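Enquirer: Fold the following.
(one chain, ligands or ions: 2)
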Amino acid sequence: MNAIEVKHLTKLYGPARGIEDVSFTVKKGEIMGFLGPNGSGKTTTMRILTGFFPPSSGSARICGSDIIKDSIEARRKIGYLPESVPLYLDMPVFAYLRFFAEIKGITGKQKKTKADEVMQKCGLTDVSHRIIGRLSKGYRQRVGIAQSLLNDPEVLILDEPTIGLDPKQIIEIRNLIKGLGDNRTVILSTHILPEVSMTCDRVIIIHEGRLIAVDTPTNLMNRVLQAPRVMVKAEGPSEKIVSALVSISGVVSVAKNGFDADGVDLYQIETDENAYVINDIARSIYKNSWKLKEIRPVDMTLEEIFIKLVTEEKGR
Ligand SMILES: Nc1ncnc2c1ncn2[C@@H]1O[C@H](COP(=O)(O)OP(=O)(O)OP(=O)(O)O)[C@@H](O)[C@H]1O
Ligand SMILES: [Mg+2]
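Expert: Ligands and ions are numbered 1, 2, ... in the order given. Okay, the predicted model is just below:
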């Protein structure tokens, strides 16, 4: 069964568009990335799924429960980390989580048990008595995620869980999310492109309120693959290197592309779709007695994929 089924969701804010005819499914246990620039409709979609407001039209189901007709049941199955987490900054972590457990209908001894459990899952046990307002941003984000786990949700909806964090905290939160995804379905939104390829099984790309692609990060790469590229690091007279490489059959263009930390020149080479030119490039450098330091194919970045998909869509 699909954990999330979204059919033709549209949300209008007055005459303004929030999202338009958005449909997708998320399988049980999948981590789905929701990727799009500012204002593309990520938060709007998540708010509809969590019952924050109803769609203008369309429908959605969370583990079989309709978000409008069985809204209480649907909400019970969801843990939600909103875009800006409403934390009570003057409360200690444990008290905040017990308080929220109560709000979520957890009573008696279970309040402490559940709070302890989510603190443990999110690496908060050591800071459980610290005041939330004095925690680092990454730890506050963990408190938000811990809060979303209190009701043992089957589905986790995380709106930009790594926003505003430093690189180390981003890695920690990413690992936390991956761990949580082991036995849950997760949708997480981001506009950081490498995030989705590192964390997610599949990616939804949304732009100006409309879905433009739903696929695995790898398939998206294949779909938009441009002429393969090769990176070469070599020592030698750069003009001569460029003209030697560009004369190789199958090479479309050669551009000097700065240098590495040791001052060795880098070259970016575009090749024909079906040409395999790495050997010919290496041979040419070797034959000329230049020093080949490194040679490798270059994958397209998700950033490039994104731009290509958006441009494709506009060209239709
Ligand atoms: N409450 C609102 N009233 C009017 N328009 C809104 C409201 N909330 C969102 N919008 C509009 O709907 C569109 C989608 O916004 P949304 O917040 O869903 O985007 P987002 O992808 O989450 O962006 P961000 O990356 O900046 O968080 C935007 O054009 C936005 O201006
Ligand atoms: Mg948003």
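
Enquirer: count of neighbours near the residue lying closest to residue 135 once chain neighbours are set aside?
Expert: Spatial nearest neighbour of residue 135, excluding adjacent residues (CB to CB, 6 or more residues apart in numbering): residue 127 at 6.3 Å. Where you see a C-beta, it was placed from the backbone N, CA and C, and this is true even at glycine. Neighbourhood size, residue 127 [other CB atoms under 10 Å]: 19.

Enquirer: With the one 4 residues further on instead?
Expert: Taking other CB under 10 Å as the neighbour definition, residue 131 ends up with a count of 15.

Enquirer: what about it, distance to residue 118?
Expert: Separation of residue 131 from residue 118 (CB to CB, to the nearest Å): 18 Å.

Enquirer: before we move on, the earlier item: the residue nearest to residue 135 contacts residue 139, correct?
Expert: Yes. The criterion here is CB atoms under 8 Å, and residue 127 meets it with residue 139 at 6.2 Å.

Enquirer: in the one helix or strand residue 115 maps to, what's buried?
Expert: Using DSSP states H and E, residue 115 sits in helix 109-121. Buried residues in helix 109-121, counted by 16 or more other CB atoms under 10 Å: 111, 114, 115, 116, 117, 118, 119, 121.

Enquirer: got it, and stretch 86-101?
Expert: 87, 91, 92, 93, 94, 95, 96, 97, 98, 100, 101.

Enquirer: same check, this time on stretch 30-38
Expert: Those would be 30, 31, 32, 33, 34, 35, 36, for stretch 30-38 by 16+ other CB under 10 Å.

Enquirer: What about those, which are in strands?
Expert: 31, 32, 33, 34, 35 (DSSP state E).

Enquirer: just the helices in this protein please.
Expert: 42-49, 71-76, 93-103, 109-121, 137-149, 167-180, 193-199, 217-223, 238-246, 278-287, 302-315 (DSSP state H).

Enquirer: So which residue is dead centre in this structure?
Expert: Central residue check for the chain by CA atoms, centre = their mean: the C-alpha nearest the mean position is that of residue 196, 3.0 Å away.

Enquirer: Report the contact partners of residue 147.
Expert: 81, 85, 96, 97, 100, 118 (CB atoms under 8 Å, 6 or more residues apart in numbering).

Enquirer: again but with residue 172, I slipped
Expert: Residue 172 neighbours (CB under 8 Å, 6+ apart): 123, 138.

Enquirer: and the gap between it and ligand 2?
Expert: Here the criterion is CB to the ion, to the nearest Å. By it, residue 172 lies 22 Å from ligand 2.
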